[in-house]
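Peer 1: Here is the input, now give the coordinates:
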Amino acid sequence: MNGFRIALLLTAGLTLAAGAMAGDADAPPLGLPPVPIPEANPQTPEKIALGDKLFDDKRFSSTGEVACATCHDPKKAFTDSPLQVSEGIEKDGKKLTGTRNAPTVVNAAYMTTQFWDGRSPSLEDQALHPPVNPVEMGLPSHEPILEIVRTDPEYVEAFKAVFGKTGDQITMDEVTKAIGAFERTKVSGDSPFDRYFYGGEKDALTDAQRRGFDLYVNKGRCVSCHVIEQTQAIFTDGRFHNVGVGINDIQDEIPTLAGEYIDAGITGEDVDIEVLGDKRSSELGRFAVTTSFDGLGAFKTPTLRNVAVTAPYMHDGSKKTLRDVVVHYNNGGVTNEGDPVNDFLSGGIRPLDLTEDEIDDLVAFMDALTSPEFAGLPKSLGLEEK
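Peer 2: Next up, the predicted model:
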């Protein structure tokens, strides 16, 4: 066991656990820090309730069939598992699909950017895009949403109570602030790992999970990107990495494709439409947002909390099980043995030399990151498929 883990175990912030166990209503779940709240959008119970209603409203799509909750279903840990990529509105008798797997809303409040490529800086900004994306909710503009919230009696009353505004005074700023407030209540910790590491419950993890934890911080080096801190664990560094998924298939096209993308001057709302509507553009990753070549094929490190119940995995949903994911990393960022390593792979991605049993233990550890409210959902560990 290395010094990193020893130091964490010795200095883990048990004050966080004490606050949660004492029943402090404002304390975050065990293992998580306080939720950051923007000064411009303070939380109130009324605003949260309004955001909940907006999140579930299917009228905010062109067909009246898709809401935020369609792709971020509370019954599926706020994802659309087991879909590989999200489905939007129906057109010509067929569901339109994007290019990306729906990330969970749970604990998104801690993320400094939103979407796989970080193209939105906040929950509020993120909420602007799906309604007007052609393959998601399909509205021509935000005006149909504003028409509803300005005239529906329940919304009229709620927006007046929460924001003191009526009629044309209500804009998408108020709509997205309410949605953001609701989403900031979707936080989840108190997993077996949290009880073991932050709560001092020695029996909270199985033997396999304890071995997996040691692999996680040592031989597997997972902690380098899926961060664990002394008093909290968001399980992401919030940064963007090329881990050898997706872009491998088009790396010979990258020079031409990247040049065409820059020449087209795709920015703002057009980025959202482009990456969800075109598979090749989607694989550009962070580059599509910044046009910086160090972002080619790089995607944001996802949180590992509740990862066992949010399959499939990676930005494109190409990995069906957690074992598939670990095998990919164990192979040094290639999907199949013998595949070429892509030219843009992040420097830390290299073979791990894990044994079959060690892969199983690492997967078992990630199962221990499941919070109690989601423990009953179907899991996709892949241990029985090796």
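Peer 1: Who are the contact partners of the residue nearest the centre of the chain?
Peer 2: Centroid-nearest residue in the chain: Pro103, 3.6 Å away (criterion: C-alpha atoms, centre = their mean). Neighbouring residues of Pro103 by C-beta atoms under 8 Å, 6 or more residues apart in numbering: 79, 115-116, 302. Where C-beta positions appear, they are placed from N, C-alpha and C, glycine not excepted.
Peer 1: quick one: which of these is most hemmed in?
Peer 2: In terms of neighbours by other C-beta atoms under 10 Å, the contacts of Pro103 top out with Thr79 at 25 neighbours.
Peer 1: can you give me the strands for the stretch 101-250 of the chain?
Peer 2: 240-241 (DSSP state E, counting those that start in this stretch).
Peer 1: In it, what residue spans correspond to helices?
Peer 2: 123-126, 143-151, 153-163, 172-183, 192-197, 207-217 (DSSP state H, counting those that start in this stretch).
Peer 1: Quick one: those helices as a markdown table, columns for mean neighbour count, distance to Ser281 and mean pLDDT too.
Peer 2: Converted to a markdown table, the helices of the stretch 101-250 of the chain look like this (neighbours: other C-beta atoms under 10 Å; distance: least, C-beta to C-beta, whole Å; pLDDT from 0 to 100):
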| stretch | mean neighbour count | distance to Ser281 | mean pLDDT |
| --- | --- | --- | --- |
| helix 123-126 | 21 | 19 | 98 |
| helix 143-151 | 16 | 27 | 98 |
| helix 153-163 | 16 | 36 | 98 |
| helix 172-183 | 23 | 25 | 98 |
| helix 192-197 | 23 | 37 | 98 |
| helix 207-217 | 20 | 34 | 98 |
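Peer 1: can you redo these as CSV with distance to Val289?
Peer 2: Listed next are those as CSV, based on distance: least, C-beta to C-beta, whole Å:
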stretch, distance to Val289
helix 123-126, 13
helix 143-151, 25
helix 153-163, 31
helix 172-183, 19
helix 192-197, 32
helix 207-217, 30
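Peer 1: and of the ones you listed, who's closest to Ser62?
Peer 2: helix 143-151 (8.0 Å; C-beta to C-beta).
Peer 1: Please save the CA atoms from that closest one in PDB.
Peer 2: The C-alpha coordinates for helix 143-151 follow below in PDB (Å, rounded to 0.1, in the frame of the first residue of the first chain):
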ATOM      1  CA  GLU A 143     -40.500  30.700 -27.800                       C
ATOM      2  CA  PRO A 144     -42.900  27.700 -27.400                       C
ATOM      3  CA  ILE A 145     -41.500  27.200 -23.900                       C
ATOM      4  CA  LEU A 146     -42.000  30.800 -23.000                       C
ATOM      5  CA  GLU A 147     -45.500  30.800 -24.300                       C
ATOM      6  CA  ILE A 148     -46.400  27.900 -22.000                       C
ATOM      7  CA  VAL A 149     -44.800  29.300 -18.900                       C
ATOM      8  CA  ARG A 150     -46.300  32.700 -19.500                       C
ATOM      9  CA  THR A 151     -49.900  31.400 -19.900                       C
END
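Peer 1: starting at the chain centroid, how far to that helix?
Peer 2: Between the centre of helix 143-151 and the centre of its chain there are 29 Å (C-alpha atoms, centre = their mean, to the nearest Å).
Peer 1: Over to stretch 350-368?
Peer 2: 22 Å.
Peer 1: taking the mean pLDDT, what do you get for that stretch?
Peer 2: Mean per-residue pLDDT for stretch 350-368: 97.
Peer 1: CA atoms only: put it into PDB for me.
Peer 2: Taking C-alpha atoms only, stretch 350-368 is exported to PDB below (Å, rounded to 0.1, in the frame of the first residue of the first chain):
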ATOM      1  CA  ARG A 350      -0.800   2.800 -21.000                       C
ATOM      2  CA  PRO A 351      -1.200  -1.000 -20.200                       C
ATOM      3  CA  LEU A 352      -1.900  -1.800 -16.500                       C
ATOM      4  CA  ASP A 353      -0.900  -5.500 -16.500                       C
ATOM      5  CA  LEU A 354      -3.800  -6.400 -14.300                       C
ATOM      6  CA  THR A 355      -4.600 -10.100 -13.900                       C
ATOM      7  CA  GLU A 356      -8.100 -11.400 -14.500                       C
ATOM      8  CA  ASP A 357      -8.700 -11.600 -10.800                       C
ATOM      9  CA  GLU A 358      -7.500  -8.100 -10.300                       C
ATOM     10  CA  ILE A 359      -9.900  -6.900 -13.000                       C
ATOM     11  CA  ASP A 360     -12.700  -8.600 -11.100                       C
ATOM     12  CA  ASP A 361     -11.700  -6.900  -7.800                       C
ATOM     13  CA  LEU A 362     -11.500  -3.500  -9.400                       C
ATOM     14  CA  VAL A 363     -15.000  -3.900 -10.800                       C
ATOM     15  CA  ALA A 364     -16.200  -5.100  -7.400                       C
ATOM     16  CA  PHE A 365     -14.800  -1.900  -5.900                       C
ATOM     17  CA  MET A 366     -16.700   0.300  -8.400                       C
ATOM     18  CA  ASP A 367     -19.900  -1.500  -7.400                       C
ATOM     19  CA  ALA A 368     -19.200  -0.300  -3.900                       C
END
